[in-house]
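Q: Output the structure for:
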Amino acid sequence: MPGLAETSAPVGAIRLHYVGNSRTPLLVVDDFYPEPDALVEAAGEGQPFGKLDDFYPGVRKPLPGHYIAFLRSALPAVLWLAVENDNAFSVSFAQFSMATASPDALLPIQRIPHVDTTINNEWAMVHYLFDNPKDGTAFYRHKETALERVNTSEHSRYIQCLKTQATTVGLPPAEYIQGSTALFDQTDKVDAIYNRAIFYPANVFHSGCIQVGSGLSNVPSRGRLTANCCITIGKSQAQ
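A: Model (predicted):
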């Protein structure tokens, strides 16, 4: 995927890409973490994975403190291409995630793209700790409303439209979304490459391109393991 701007940082080459008609910024960083194998090992040790009270189709566990410290130190170098360089960054969610749910167990809301928030200054990070180019993360446009991002003022309109479509178009099939559907057009996709991280505004429609194959393993070294973080961007207190 060609980038419109590129730079280098201690975390590796950073590509800035723009998604859809909204030209939503998307940052792709290869060779993101200096010791990815050790991070995968850490996922298999200590506290077990468990189900959180969210719609993620799998299990999670907290990321280690040293990884969060690395992320905080790396954020200014990573995000400066897409946001003003006088911003401060805070991490409010930091979890290992592993998709484990079978397609027939998915709720209707888990079969369509989603947004993580309706707040404009929150970004999401996905760090791929597995390798499968057919997998990854895709981005979408809701056909009926033409929305690619959902802010607070647009959320009610989108939800009402979605409720109407549940009866007029019907519920989505019990499967992980792969490409465009009756309700959504896929606008872009990033392949899951080992130790690649992506950063994007958390209110853009997106979904994991989850490949089921022979089953989704619950063993970190063999499963669809990612590190996921929520990042809040705000002006530095010193400014």
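
Q: Please spell out which residues along stretch 197-212 are buried.
A: 197-211 (16 or more other Cβ atoms under 10 Å). To be clear about C-beta, it is placed using only N, CA and C from the backbone, and glycine gets the same treatment.

Q: where does it sit relative to the chain's centre, distance-wise?
A: 3 Å (Cα atoms, centre = their mean, to the nearest Å).

Q: what is the mean pLDDT for that stretch?
A: Regarding stretch 197-212, the rounded mean pLDDT is 96.

Q: Numbering from 27 from now on, please.
A: Yep, numbering from 27; the last one is stretch 223-238 now.

Q: for that stretch, how far is the first residue from the last?
A: End-to-end distance of stretch 223-238 (Cα to Cα, to the nearest Å): 21 Å.

Q: what helices or strands is the strand ranked longest in the chain leaning on?
A: The longest strand of the chain (DSSP state E) is strand 113-125. Secondary-structure packing of strand 113-125 (3 or more Cβ pairs under 8 Å, 6 or more residues apart in numbering; DSSP states H and E): strand 84-88, helix 91-105, strand 251-261.

Q: Name the nearest residue to Arg183, sequence neighbours excluded.
A: Nearest non-adjacent residue to Arg183, counting by Cβ to Cβ, 6 or more residues apart in numbering: Thr171, 6.7 Å away.

Q: out of the helices and strands packed on strand 113-125, which comes closest to Asn113?
A: Asn113 lies closest to strand 251-261 among those, at 5.2 Å (Cβ to Cβ).

Q: Which positions within that closest one qualify as buried?
A: By neighbour count on 16+ other Cβ under 10 Å, the buried set for strand 251-261 is Leu251, Thr252, Ala253, Asn254, Cys255, Cys256, Ile257, Thr258, Ile259.

Q: what about the longest helix in the chain?
A: In the chain, assigned by DSSP state H, the helix with the most residues is helix 178-194.

Q: was I right about Leu132 contacting Pro199?
A: No: contact criterion Cβ atoms under 8 Å: Leu132 and Pro199 do not qualify, at 9.5 Å.

Q: The two: which is more packed in?
A: Between Leu132 and Pro199, counted using other Cβ atoms under 10 Å, the more crowded position is Leu132 (20 against 13).

Q: between the helices and strands packed on strand 113-125, which gets nearest to Leu209?
A: Among the helices and strands packed on strand 113-125, the nearest to Leu209 by Cβ to Cβ is strand 84-88 (23.1 Å).

Q: Give me the contact list for the closest one.
A: With Cβ atoms under 8 Å, 6 or more residues apart in numbering as the test, strand 84-88 has contacts from 69, 73-78, 120-127, 242, 244, 250, 254.

Q: Could you pick out the buried ones from the residues you listed?
A: 69, 75, 120-127, 242, 250, 254.

Q: Redo the helices and strands packed on strand 113-125 as a markdown table? Include distance to Leu52 and mean pLDDT.
A: Below are the helices and strands packed on strand 113-125 laid out as a markdown table (distance: least, Cβ to Cβ, whole Å; pLDDT from 0 to 100):
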| stretch | distance to Leu52 | mean pLDDT |
| --- | --- | --- |
| strand 84-88 | 23 | 97 |
| helix 91-105 | 12 | 92 |
| strand 251-261 | 14 | 91 |
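
Q: closest to Tyr59 out of those?
A: Closest approach to Tyr59 among these (Cβ to Cβ): helix 91-105, 6.9 Å.

Q: Output the below-cut-off pLDDT ranges for the protein.
A: Scanning the chain for pLDDT under 70 picks out 27-37, 110-112, 240, 261-265.

Q: now do 90
A: 27-39, 78-80, 102-103, 105-115, 118, 146, 238-241, 260-265 (pLDDT under 90).
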